[in-house]
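Chemist: After the sequence you'll find the predicted model.
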Amino acid sequence: MTGPLAILIGPMAAGKTSVGRSLASQLGVDFADLDALIVRAAGRSIPRLFAEEGETAFREIEADILARALNERSGVLSLGGGAPMHPASAEQLRGRPVVLLEVEESIAARRLAHGVGRPMLEGQDPMARWRELADERGPRYRDLAAHRIDSGHGSAAHVARTIIRSLQLDLPTGPEKETA
């Protein structure tokens, strides 16, 4: 099966984008963020897509772009928190090198404290919504995950190294040094 070497899934604030960038850098491969691919294809921000099209239409767009990315991309791909919930997306992800980044609620709260532009967390109590989404999505995440990694402790680079070991990926080697 062709496609990405690693596909990162997990709840909001698990570090999928930052860990994904570090992982791709360490492996010397391309990195793609599904949300960025959606924004590029739609010509609108994620919050604007949600506001103008609604969540159902957004999830259809997301599923189409994910299917394309799984066939056309190599390297590392990070997904938005809701992407695996679409039935077609879940089927496309099954059997691939899916890595679930898990994060404790207290760490997610700290990471989300300064964030904006997360339509799924809008409302009076964003962390109550985060818990609700984590509970709702958790079973699907765990079902699809080939590997589960704690992303709440250590730097993005540390988490990326843990993924490399878990997936048994080879790091690129530098030019051979001549010995005299």
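Modeler: Yes, it's here. Numbering: from 1, shown residues only.

Chemist: Every contact and neighbour count from this point should use C-alpha atoms.
Modeler: Will do.

Chemist: what's the offset of the strand or helix carrying H158 from the middle of its chain?
Modeler: For H158, the host element (DSSP states H and E) is helix 156-167. With C-alpha atoms, centre = their mean, to the nearest Å as the basis, helix 156-167 stands 14 Å off its chain's centre.

Chemist: Name the residues of that helix that come out as buried.
Modeler: The neighbour-count check on helix 156-167 (16 or more other C-alpha atoms under 10 Å) flags A156, A157, V159, A160, R161, T162, I163, I164, L167 as buried.

Chemist: got the residues you listed as CSV, with distance to D64 columns?
Modeler: CSV is the format used below for the buried residues of helix 156-167 (distance: C-alpha to C-alpha, whole Å):
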residue, distance to D64
A156, 29
A157, 30
V159, 29
A160, 27
R161, 31
T162, 30
I163, 27
I164, 28
L167, 27
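
Chemist: Quick one: those residues as CSV, columns for pLDDT too.
Modeler: As requested, those are exported to CSV (pLDDT from 0 to 100):
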residue, pLDDT
A156, 94
A157, 96
V159, 96
A160, 96
R161, 95
T162, 95
I163, 96
I164, 95
L167, 92
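
Chemist: can I assume I7 is in contact with V98?
Modeler: Yes: I7 lies in contact with V98 (C-alpha atoms under 8 Å); the separation is 4.7 Å.

Chemist: May I see the buried residues of stretch 31-39?
Modeler: F31, A32, D33, L34, D35, I38, V39.

Chemist: I misspoke; the intended subject was stretch 34-53.
Modeler: Buried positions in stretch 34-53, judged by neighbour count with 16+ other C-alpha under 10 Å: L34, D35, I38, V39, I46, P47, L49, F50.

Chemist: buried set for the helix or strand of the chain with the lowest mean pLDDT?
Modeler: Lowest mean confidence among the helices and strands of the chain (mean pLDDT, DSSP states H and E): helix 105-112, at a mean of 83. If you call a residue buried by 16+ other C-alpha under 10 Å, then helix 105-112 has these buried ones: E105, A108, A109, L112.
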